[in-house]
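S.K.: prediction below, plus the sequence it came from.
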Amino acid sequence: MRILVIGAGGREHALVWKLAKSPLVTKIFAAPGNAGMASMAEPIPLKADQIVDLANFAVDSKVDLTVVGPELPLVKGIVDHFRQKGLAIFGPTAAAAQLEGSKVFSKERMLRYGVPTAAAKIFSRYDLAVDYLKTVPVPVVVKADGLAAGKGVIVAASREEALRAVESIMQNRIFGEAGASVVIEECLQGEEVSVLAVVDGVHCALLPSAQDHKRAYDNDEGPNTGGMGAYSPVPAVSDALMEQIRTTVFEPMISGMNRDATPFTGILYAGIMLTAQGPKVLEFNTRFGDPEAQALLPRLKTDLVEIILAAIDGKINQISIEWDSRPAACVVLTSKGYPGTYEMGRPIQGLSDAHDCPDAWVFHAGTSREGGKYFTSGGRVLNVVGMGATLEAAIEKAYEAADKIQYEGKQFRRDIGARALKRKTGVKV
Ligand code: AMP
Ligand code: GLY
């Protein structure tokens, strides 16, 4: 089979790496891809949201299956367009991808299907949002409706901060049309986990739990980022809790989406807060998480192509998906300044030493290659994953390999997985 992977980050490098292991695969293209995957996938100079060009490329190059990494093309309808052309593609339609593309849509559907989530009100009028904010307790959460590159959610500690957020979103339109409506919701307390499922329209197969680390600095301090690290599985998520998440979140969502003629196929990712009242959904994403995918895919033993084909065929319930029981941890190495403005073009040393570490993998995100050398070319530069018999061992492996990589301005968190380790030693987290 000839496969096209769309996207350019660490998630897509991990996808390409896993797909390349399938005996069913003869050729992989990546659009646009990155320097790290060049040995496994032919780079195609098309951006992830050049939907028409990508479909034409897939037809001309006899691509048998397309796998989409990021949300933007999904929300813009890449799956609908590819399907119209008779091309096999894994992901939700634009209508179903609204679960990620619109916080209003997502909240309305959660409420309609009885999925546990934060109590919320939706506003498309600025004056009414302001009036409402004057009455709610703080902290309170303000969310721009549309895609805002991960910046559209403000957890406001004070009423003033919440009012400023609504003003910049709705009046100043800092996220453009994404700010035409807002969701204002109660602030949930607890530990956040990511639960992803492969969904075939009707059935789902849950992946093991994972946890992201969104803040830039140790101890969950500093600004929010695209993700500084992840690990899987999460000790706080027992089998019984996973079952509860399946029956209270995934099953009602999937059957509701089906009933309302927006069936979901692809990866459904629930960002969940483990509250004292049980798991509640913070958000849905409609694709693999980044960096959750980097921690999950090395644990996957089953052929990813078989899983994707089963999902496209509506038969995800007919295959058994095997996972390595060993935990995995992913540490993200960034450029100095990230998530603000950052430096680029710094030469990277030690990649092959890191690569040679047993039970460790390096997935590239923002790198470029010139004259046989790698350089930094983005905010998140590299993802270093370790696996081990215990989570401690996995984390140690990841840092051992990460320490072999050097470039000027290398920044990373030293405490990936620390929360889980503290829990194990009985320290209150
Ligand atoms: P989202 O893009 O909706 O995941 O929101 C980004 C982050 O904001 C989440 O990962 C949470 O850390 C936080 N967040 C979102 N909604 C809430 C909520 N209702 N209560 C507390 N934190 C939230
Ligand atoms: N890890 C968070 C995300 O992929 O959105």
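M.R.: Cool, the structure landed. Ligands and ions are numbered 1, 2, ... in the order given.

S.K.: around ligand 1, pick out the residues from the stretch 251-400 of the chain.
M.R.: If contacts are counted using CB under 6 Å from any ligand atom, the residues of the stretch 251-400 of the chain sitting beside ligand 1 are G271, L282, E283. Heads up, the C-betas are built off the backbone N, CA and C, glycines and all.

S.K.: any chance of the residues you listed in CSV, plus pLDDT and secondary structure?
M.R.: Output for these, formatted as CSV (pLDDT from 0 to 100; DSSP: H, G, I helix; E, B strand; the rest coil):
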residue, pLDDT, secondary structure
G271, 98, strand
L282, 98, strand
E283, 97, strand
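
S.K.: which one of the residues you listed has the most neighbours?
M.R.: Comparing these on neighbour count, L282 comes out first with 19 neighbours (neighbours: other CB atoms under 10 Å).

S.K.: for that one, give me its contacts.
M.R.: Contacts here follow CB atoms under 8 Å, 6 or more residues apart in numbering; on that basis L282 touches T117, A118, L188, E192, G271, I272, M273.

S.K.: how does it look with 6 Å?
M.R.: When contacts are counted by CB atoms under 6 Å, 6 or more residues apart in numbering, L282 touches G271, M273.

S.K.: now it: how far from I321?
M.R.: 25 Å (CB to CB, to the nearest Å).

S.K.: which residues does the residue in the chain that ligand 2 sits nearest to contact?
M.R.: Taking CB to the nearest ligand atom as the measure, the chain has G289 as its residue closest to ligand 2, at 3.6 Å. Contacts for G289 were tallied using CB under 6 Å, 6+ apart; they are S194, Y269.

S.K.: do the helix or strand hosting K143 and ligand 2 meet?
M.R.: K143 belongs to strand 140-144 when assigned by DSSP states H and E. No. Strand 140-144 lies out of reach of ligand 2 by CB under 6 Å from any ligand atom, never closer than 14.0 Å.

S.K.: what's S168 in contact with, if anything?
M.R.: Taking CB under 6 Å, 6+ apart as the criterion, S168 is in contact with I174.

S.K.: doesn't it lie inside a strand?
M.R.: No. Secondary structure assignment (DSSP: H, G, I helix; E, B strand; the rest coil) places S168 in helix, not in a strand.

S.K.: check it and give its pLDDT.
M.R.: What the model reports as pLDDT for S168 is 94.

S.K.: can you check the one 3 residues further on too?
M.R.: Looking at Q171, its pLDDT reads 93.

S.K.: could we number from 46 for the rest of this?
M.R.: That works, and once the first residue is 46, the last one we named lands at Q216.

S.K.: now it. Its backbone dihedrals?
M.R.: Here the main-chain torsion angles of Q216 (degrees, to the nearest 10) amount to phi -90, psi -50.

S.K.: repeat that for R459.
M.R.: Here the main-chain torsion angles of R459 (degrees, to the nearest 10) amount to phi -90, psi 0.

S.K.: quick one, longest helix in this protein?
M.R.: Longest helix of the chain, by residue count under DSSP state H: helix 436-448.

S.K.: could you list the low-pLDDT ranges of the stretch 96-245 of the chain?
M.R.: Residue ranges of the stretch 96-245 of the chain with pLDDT under 70: none are present.

S.K.: so which residue is dead centre in this structure?
M.R.: Of all residues in the chain, the one closest to the mean position by CA atoms, centre = their mean is G334, 1.6 Å from it.

S.K.: next, that one: phi, psi?
M.R.: Backbone dihedrals for G334, given as degrees, to the nearest 10, come out at phi -80, psi 150.

S.K.: where's the residue in the chain that ligand 1 sits nearest to relative to V50, distance?
M.R.: For the chain, the residue closest to ligand 1 is E328, as judged by CB to the nearest ligand atom, at 3.2 Å. Relative to V50, E328 is positioned 24 Å away (CB to CB).

S.K.: quick check: A223 touching G195?
M.R.: No. Under the criterion of CB atoms under 6 Å, A223 lies out of contact with G195, with a separation of 11.7 Å.

S.K.: more neighbours, those two?
M.R.: Neighbour tally, A223 and G195, criterion other CB under 10 Å: the higher count belongs to A223, 22 against 13.

S.K.: state whether that one is indeed within a helix.
M.R.: Yes. If the criterion is three-state DSSP, then A223 is within a helix.

S.K.: residues touching it, list them.
M.R.: A189, G191, L192, A193.

S.K.: ranking the residues you listed by neighbours, who comes first?
M.R.: Most crowded among these, counting by other CB under 10 Å, is A189 at 28 neighbours.

S.K.: now that residue, which residues is it bridged with?
M.R.: For A189, the beta-bridge partners under DSSP bridges are V227.

S.K.: what's the answer for N330, then?
M.R.: Here N330 shows beta-bridge partners Y314, assigned using DSSP bridges.

S.K.: pLDDT score for it?
M.R.: In this model, N330 is scored at 97, pLDDT.

S.K.: same question, S84
M.R.: As summarised for this prediction, S84 has a pLDDT of 94.

S.K.: so which strand or helix has it?
M.R.: Under DSSP H and E, no helix or strand contains S84.

S.K.: for the nearest residue to Q451 once chain neighbours are set aside, phi and psi?
M.R.: The spatially closest residue to Q451, leaving aside those adjacent along the chain, is Q394, at 4.6 Å (CB to CB, 6 or more residues apart in numbering). The phi and psi values for Q394, taken as degrees, to the nearest 10, are phi -110, psi 160.

S.K.: which positions in the stretch 96-245 of the chain make contact with ligand 2?
M.R.: Along the stretch 96-245 of the chain, not a single residue is adjacent to ligand 2 under the rule CB under 6 Å from any ligand atom.

S.K.: near ligand 1, which residues of the stretch 96-245 of the chain? Just list them.
M.R.: A163, V186, V198, V200, E230, C232, L233, E237.

S.K.: how many residues are close by the fifth one?
M.R.: For E230, the tally of surrounding residues (other CB under 10 Å) stands at 21.
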